[in-house]
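In: After the sequence you'll find the predicted model.
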Amino acid sequence: MTPVTGSGSEPAATGPRRRGRRPAPFLNPTLILDTAMAVIEIDGPDALTFRRLGTELGADHTAVLRHFGSKDDLLLALAARLVEEAVDGFAPEANWRETLASLARRTRAACRAHPGVAVLVAARTSRRAAEFRGADIVIGALLEAGLHGREAASYYRALVDTALALSAYEASVATLDEQAREGDRQAWQREYLAASPHKYPHLASVAQHLADIDAEDQFETAIGLFIDAIELRALRARDNA
């Protein structure tokens, strides 16, 4: 997985700009997806078209369509790419809590490595093997925790959506220009710290700490709260059994 240094870091992979026609057999799904990801990270989600891919690959865009029959098919494959990065080489941890936390962190890392792609496809259901494997791991951890049936299914859906939503939000921040990101960062040290304690007494009581909360804190806090809720719900289920 491509290492990143923070939510505002630039994507590591930019990819070459290819020109000149190549025979269609040269193309394959992996190369097309690599190129699509590079286009998105360089020029944004709106730049991704079949004609643009054909130009970058040095092939007619109809050759790309032989591998991905529609834009939606291509987007689902990109969504699967993020999931594959998250679950590649992953094995359940010694306890269910750490399994869920670790897989959530890997999901965040994949989205941070490809923020433009994450913003575009994090809400999609890829329906590929990697997604099924991730689902099996998460549901297995929930069963180990003591949830079953519909409750396990509900918590699986909610937990995955929470991890992806947090990761996509952080990715969306990374796609802002540096001036906008810096303005938002400084707001916690300027406007929030300067907020009137008479008008906003509760805000003022913690304002000095707000600037210390970063994306890492937010993600770990949210996932930790969710996992605590799973444990509490499982305990209640056992008590009522």
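Out: Structure received.

In: residue with max distance from the center of this protein?
Out: Distance to the chain centre peaks in the chain at residue 198, reaching 39.7 Å (criterion: Cα atoms, centre = their mean).

In: That residue: what secondary structure?
Out: Put simply, residue 198 is coil when judged by DSSP: H, G, I helix; E, B strand; the rest coil.

In: for it, phi and psi?
Out: Main-chain dihedrals, residue 198, degrees, to the nearest 10: phi -80, psi -40.

In: if I look at it, how far off is residue 204?
Out: Distance of residue 198 to residue 204, given as Cβ to Cβ, to the nearest Å: 9 Å. For glycine as for every other residue, the C-beta is placed from the backbone atoms N, C-alpha and C.

In: now stretch 35-48: mean pLDDT?
Out: The average pLDDT for stretch 35-48 rounds to 94.

In: how about it: buried residues?
Out: Of all the residues in stretch 35-48, those buried under the rule 16 or more other Cβ atoms under 10 Å are 35-41, 48.

In: Now the element after the stretch of helix or strand residue 118 belongs to, going C-ward?
Out: Applying DSSP states H and E as the criterion places residue 118 in helix 115-121. Downstream of helix 115-121, the first helix or strand assigned by DSSP H and E is helix 129-145.

In: So for that next one, what gets flagged as buried?
Out: Buried residues in helix 129-145 (16+ other Cβ under 10 Å): 130-131, 134-135, 137-138, 141-142, 145.

In: got JSON lines for these, with pLDDT too?
Out: As requested, those are exported to JSON lines (pLDDT from 0 to 100):
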{"residue": "130", "pLDDT": "94"}
{"residue": "131", "pLDDT": "96"}
{"residue": "134", "pLDDT": "96"}
{"residue": "135", "pLDDT": "97"}
{"residue": "137", "pLDDT": "97"}
{"residue": "138", "pLDDT": "97"}
{"residue": "141", "pLDDT": "97"}
{"residue": "142", "pLDDT": "97"}
{"residue": "145", "pLDDT": "96"}
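
In: And for residue 72, the neighbour number?
Out: If you count neighbours by other Cβ atoms under 10 Å, residue 72 ends up with 10.

In: who touches it in this structure?
Out: Applying Cβ atoms under 8 Å, 6 or more residues apart in numbering to residue 72 gives no contacts.

In: Mean confidence (pLDDT) on the helix or strand hosting it, please.
Out: Applying DSSP H and E as the criterion places residue 72 in helix 71-87. For helix 71-87, mean pLDDT is 96.

In: moving C-terminal of it, what's the next helix or strand?
Out: helix 96-113.

In: relative orientation of that following helix and helix 71-87 in degrees?
Out: Interaxial angle, helix 96-113 versus helix 71-87 (axes from the mean of the first three to the mean of the last three Cα atoms, to 10 degrees): 130 degrees.

In: So which elements touch helix 96-113?
Out: helix 71-87, helix 115-121, helix 129-145, helix 149-174, helix 215-240 (3 or more Cβ pairs under 8 Å, 6 or more residues apart in numbering; DSSP states H and E).

In: separation between the residue most central in space within the chain and residue 45?
Out: Against the mean C-alpha coordinate of the chain, by Cα atoms, centre = their mean, the closest residue is residue 111 at 3.5 Å. Distance check for residue 111 against residue 45: by Cβ to Cβ, it reads 14 Å.
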